[in-house]
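Peer 1: predicted model and sequence follow; I will ask about them next.
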Amino acid sequence: MRQDMLFDSLLAAAQRRSITEGELMHMLDDEISRLADGARVHDYLRVIAIRRVRERIASPARAADDAHARRPGAR
């Protein structure tokens, strides 16, 4: 249940930056994949990923980079 509250908070922050829920899920899935690669303990990966994505969204420079990466054909 705590993770749901964290996600809701993250979603609200994303919406303030005009990031759709689908784009946010993609960002979160990517972060979880990066964290899971080589991880021995997986219990808190989602919580850590939510924190990292929230930090990325809050940073204006990184948010601009993420917005560019979300554009179709960008990568």
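Peer 2: It's in.
Peer 1: hmm, which helix or strand of this protein has the shakiest average pLDDT?
Peer 2: Least confident helix or strand of the chain, by mean pLDDT, DSSP states H and E, is helix 60-70 with a mean of 58.
Peer 1: any chance you could read off phi and psi for A12?
Peer 2: Per-residue torsions, A12: phi -60, psi -40 (degrees, to the nearest 10).
Peer 1: burial of it, as a residue count?
Peer 2: 9 (other Cβ atoms under 10 Å). Bear in mind the C-beta positions are built from the backbone N, C-alpha and C, glycine included.
Peer 1: can you check the one 3 residues further on too?
Peer 2: For Q15, the number of neighbouring residues by other Cβ under 10 Å comes to 12.
Peer 1: and if you look at the one 5 residues further on?
Peer 2: Burial of T20, expressed as a neighbour count using other Cβ under 10 Å, amounts to 12.
Peer 1: could you do L35 as well?
Peer 2: For L35, using other Cβ under 10 Å, the count is 16.
Peer 1: do the same with the one 4 residues further on
Peer 2: Applying other Cβ under 10 Å, we find 13 other residues in the vicinity of A39.
Peer 1: quick check: phi and psi at it.
Peer 2: phi -70, psi 140.
Peer 1: now the helix or strand I50 falls within: average pLDDT?
Peer 2: Using DSSP states H and E, the element containing I50 is helix 45-58. Helix 45-58 comes out with an average pLDDT of 94.
Peer 1: for it, packing partners?
Peer 2: Applying 3 or more Cβ pairs under 8 Å, 6 or more residues apart in numbering; DSSP states H and E, one finds that helix 45-58 contacts helix 2-16, helix 21-36, helix 60-70.
Peer 1: can you pull the buried residues of the longest one?
Peer 2: Just to be clear, that refers to helix 21-36. Across helix 21-36, burial judged by 16 or more other Cβ atoms under 10 Å covers E23, L24, M27, L28, E31, I32, L35.
Peer 1: try stretch 5-15
Peer 2: Applying 16+ other Cβ under 10 Å to stretch 5-15 flags L6, F7, L10, L11, A13, A14 as buried.
Peer 1: good, we can wrap up now.
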